[in-house]
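Trainee: Structure, please.
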Amino acid sequence: QVQLVQSGGGSVQAGGSLRLSCVVSGRSFSSYDMGWFRQTSGKAREFVAAIRWSSGIPYYSDSVKGRFTISRVNTKNTVYLQMNNLKPEDTAVYYCAATAIFRAVLTTTGPYSYWGQGTQVTVSS
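Mentor: Reported below is the predicted structural model:
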């Protein structure tokens, strides 16, 4: 049974920073590609960032590129999302996700089999 447990998040003013963490348990973390998505009420879950387990190559949505950084520490079974220069439009529930599908397209929700519980990020102007 694979479980993703998120921590971090909260409320911050525009321009501030937050860091989200996601710990994976149950199977070998290093075999999963990891992603972060976010969702606001009434909208579909939106891709934010992802990282390959083998190469460590990161991917970002245009809306967060240059402000957010995804990283992983395989020895800690943890993936992070460092969010800097936050904007009110970044307000959402953020979810981490894991996929073991080889060379999956990481920018869509389909390939991901496992999801974290979600954490609220609120950015005030």
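
Trainee: Please count neighbours and contacts with C-alpha atoms only from this point.
Mentor: OK.

Trainee: Skip the chain neighbours and tell me the closest residue to the most centrally placed residue in the chain.
Mentor: Note on the chain: the residue nearest the mean C-alpha position is residue 36, at 2.1 Å, using Cα atoms, centre = their mean. Nearest residue to residue 36 in three dimensions, chain neighbours excluded: residue 96, at 4.5 Å (Cα to Cα, 6 or more residues apart in numbering).

Trainee: ok so the one you found is a strand residue?
Mentor: Yes: note on residue 96: a strand contains this position according to DSSP: H, G, I helix; E, B strand; the rest coil.

Trainee: which ones are touching it?
Mentor: Applying Cα atoms under 8 Å, 6 or more residues apart in numbering, one finds that residue 96 lies in contact with 4, 6, 22, 34, 35, 36, 37, 115, 116, 118.

Trainee: Tabulate those residues (CSV), appending distance to residue 109, pLDDT and secondary structure.
Mentor: Below are those laid out as CSV (distance: Cα to Cα, whole Å; pLDDT from 0 to 100; DSSP: H, G, I helix; E, B strand; the rest coil):
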residue, distance to residue 109, pLDDT, secondary structure
4, 15, 96, strand
6, 18, 98, strand
22, 17, 97, strand
34, 11, 95, strand
35, 9, 97, strand
36, 10, 98, strand
37, 8, 98, strand
115, 10, 97, strand
116, 13, 98, coil
118, 14, 98, coil
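
Trainee: Put together JSON lines for the residues you listed, with distance to residue 101 on each row.
Mentor: Formatted as JSON lines, these follow (distance: Cα to Cα, whole Å):
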{"residue": "4", "distance to residue 101": "17"}
{"residue": "6", "distance to residue 101": "22"}
{"residue": "22", "distance to residue 101": "19"}
{"residue": "34", "distance to residue 101": "11"}
{"residue": "35", "distance to residue 101": "13"}
{"residue": "36", "distance to residue 101": "16"}
{"residue": "37", "distance to residue 101": "18"}
{"residue": "115", "distance to residue 101": "15"}
{"residue": "116", "distance to residue 101": "18"}
{"residue": "118", "distance to residue 101": "22"}
